[in-house]
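*Asks:* Based on what follows, work out the 3D shape:
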Amino acid sequence: MNQRRFSNAAATYDQHAAPQRELVDALMRYLPETTTGPILEVGAGTGILTEKLLAHYPNTPIDAIDIAEEMIEQSREKFAAHPQCQWILADAQTYHRDEPYALIASSAALHWSSDLLATLKNIYALLQPGGLFVLGIMLRGTLWELRELRRAIAPGKGGGPALPLDELVQQHILASGFTLEEAHTTERRHIYENGRAFLQAIHDQGVTALQQQDYPLNRSELSALIHAYETRHATAGGVYATYQTGSYLLSRPESA
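*Replies:* Next comes the predicted model:
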């Protein structure tokens, strides 16, 4: 389950979070200068986006929700000096609050949603009319090298974690009622020392959990995967991995 996977990764997540930090930086251009009410952060994790929100809106209440208890506890301690930020263990698909939020933000979280459309519909209901939702997601092109090699080495064991296409994300955004104000996709390579270091890095972020119909690689298959990765995707300084991200600015219409 996602809760267990990301709770286990809480202590090591930030060590390898360069792609996630880049996505947060891309979202900052969408943030309004001021907000008329409280903020909700969805999938706050270890607080990479939270830190930016607190700096940008130092006097605005922020509710930061996440499904991973260890990440919530770690972030609650990390941001103890910011009482305006409340850390809440909750699922974005079912979280409810009587009063709507003026601004909602989420980065590098909703691509793991088991039902992205239902989650977006719930977030829509949490946002006040005229409010903004700033969304960052990892897209299907992320880690394509790893998925391709995994399928070649163990074709009967599945392709590993599946991420949404940009087209599907945009379809769900519109189907949930939002107006899509802006959308950008970015593709970047990140360098790791070697194949083993790369696999360890994504494992430490909780990225390697398999889909329900997939099966884990055995030791010989894993060794073959590392060798193939270092052969086919070598670059100066080690091996590369591709991260494809989408950043979206959404609004809830003033009236239906």
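*Asks:* so Y95 makes contact with T119?
*Replies:* No. Y95 is beyond contact range of T119, at 9.6 Å (criterion: Cβ atoms under 8 Å). The way it works is simple: take the backbone N, C-alpha and C, and place the C-beta from them, glycine included.
*Asks:* So W87 versus K121, what's the distance?
*Replies:* Per Cβ to Cβ, to the nearest Å, W87 is found 24 Å from K121.
*Asks:* Distance-wise, check I123 relative to G160.
*Replies:* For I123, the distance to G160 - Cβ to Cβ - is 27 Å.
*Asks:* hmm, back to that, look at Y95 and T119 and report which has more neighbours.
*Replies:* T119 (24 against 19; other Cβ atoms under 10 Å).
*Asks:* what about the more buried one, distance to D204?
*Replies:* 25 Å.
*Asks:* what ranges of the protein fall below the confidence cut-off?
*Replies:* For the chain, the stretches flagged by pLDDT under 70 are 1-16, 206-212, 256.
*Asks:* Give me the three-state assignment for T60.
*Replies:* coil (DSSP: H, G, I helix; E, B strand; the rest coil).
*Asks:* In contact with it, which residues?
*Replies:* Applying Cβ atoms under 8 Å, 6 or more residues apart in numbering to T60 gives the contacts T35, G37, P38, I39, Q84.
*Asks:* Of those - the most surrounded one?
*Replies:* Of all the contacts of T60, the highest neighbour tally under other Cβ under 10 Å goes to I39, namely 25 neighbours.
*Asks:* re the thing from before, the more surrounded of I123 and G160?
*Replies:* Just comparing I123 and G160: by other Cβ under 10 Å the higher neighbour count belongs to I123, 24 against 21.
*Asks:* Helices of the stretch 101-250 of the chain, start to end?
*Replies:* 116-126, 144-153, 166-175, 195-203, 219-232 (DSSP state H, counting those that start in this stretch).
*Asks:* And the strands in this protein?
*Replies:* Listed in chain order, the strands of the chain (DSSP state E) span 39-42, 62-66, 85-89, 101-107, 127-138, 179-192, 234-235, 238-251.
*Asks:* For A102, which non-adjacent residue is closest in space?
*Replies:* Among residues not flanking A102 along the chain, G37 sits closest, at 3.4 Å (Cβ to Cβ, 6 or more residues apart in numbering).
*Asks:* contacting residues around the spatially most central residue of the chain?
*Replies:* Nearest residue to the geometric centre of the chain (Cα atoms, centre = their mean): A108, 1.5 Å. Applying Cβ under 8 Å, 6+ apart, we find A108 in contact with P19, Q20, L23, V24, G43, G45, I48, G136, I137, M138, T245.
*Asks:* any chance of the residues you listed in CSV, with distance to S113 and neighbour count too?
*Replies:* Output for the contacts of A108, formatted as CSV (distance: Cβ to Cβ, whole Å; neighbours: other Cβ atoms under 10 Å):
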residue, distance to S113, neighbour count
P19, 19, 22
Q20, 16, 23
L23, 16, 23
V24, 19, 21
G43, 9, 26
G45, 14, 28
I48, 18, 19
G136, 13, 26
I137, 9, 25
M138, 12, 24
T245, 16, 25
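*Asks:* I'd say K157 and Q213 touch.
*Replies:* No. Using Cβ under 8 Å, K157 is not in contact with Q213, being 9.5 Å away.
*Asks:* Perfect, I'm done here.
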